[in-house]
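Asker: below is the structure, and that's it, no one-letter string:
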């Protein structure tokens, strides 16, 4: 039996995945976490074979959470999930050590297939991401400006481009407004831009936001 830990701050999502896996006889949700603290408490118990991690868990970015899991438990497979509009994080998640990426809009059968494949030590990449991966991590790929950003800076860029204020971003990431402003300053420097409007146009042009 594959023991799955689901880390998502939405009870409906956790309950839904539990119901999906109840259809199988070789996998089951045996643990749930709705905060980072609860997630790491359960990961430290070594009682799970796989983690399903929401990229948008409150607090530090989902990519930072992923890296911390891999630092603590390098052999623990992590399947990242996110909204379809968050697919731009998929390449970064795979580079950071995720065993797969799946959209929350996927069909139940795809969730079962992805979890089963990842639990067997393989990677899961949906067909819709194959082309994007080949362009982003291929040997001849050219890095766009946003690829020069750190994972935290990239998340702040996406949130700024979505129209969120510094105060709103600070609240969602559990950071100070001063810290977010510092990130914004660094982003503008690295992207060679001067204001949020330019960042937003760039993000829309490069399909980083809807």
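Answerer: Cool, got the structure. Please read all numbers here as calculations on a predicted model, not as lab measurements. Residues are numbered from 1 along each chain as shown.

Asker: quick one: mean pLDDT for stretch 157-167?
Answerer: Averaged over stretch 157-167, pLDDT sits at 91.

Asker: and stretch 182-196, by the same measure?
Answerer: Averaging pLDDT along stretch 182-196 yields 91.

Asker: walk me through the domains of the chain.
Answerer: Per the record, the chain has its domains at 2-137, 145-205, by automatic domain parsing.

Asker: now the helices for this protein?
Answerer: Under the criterion DSSP state H, the chain contains helices at 11-21, 36-43, 62-72, 90-95, 108-119, 127-137, 151-161, 166-173, 177-191, 196-205.

Asker: these: which one's closest to residue 2?
Answerer: Closest approach to residue 2 among the helices of the chain (C-beta to C-beta): helix 108-119, 4.5 Å. The way it works is simple: take the backbone N, C-alpha and C, and place the C-beta from them, glycine included.

Asker: so who does residue 64 touch?
Answerer: Taking C-beta atoms under 8 Å, 6 or more residues apart in numbering, we find residue 64 in contact with 151, 152.

Asker: by mean pLDDT, which helix or strand of this protein comes out lowest?
Answerer: Using mean pLDDT, DSSP states H and E, the weakest-scoring helix or strand in the chain turns out to be helix 127-137, at a mean of 61.

Asker: export the helices of the chain as TSV, with columns for distance to residue 102.
Answerer: Formatted as TSV, the helices of the chain follow (distance: least, C-beta to C-beta, whole Å):
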stretch	distance to residue 102
helix 11-21	11
helix 36-43	18
helix 62-72	13
helix 90-95	9
helix 108-119	5
helix 127-137	9
helix 151-161	19
helix 166-173	23
helix 177-191	28
helix 196-205	23
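
Asker: residue 79: which of those helices is closest?
Answerer: Counting by C-beta to C-beta, residue 79 lies closest to helix 108-119 out of the helices of the chain; the figure is 4.9 Å.
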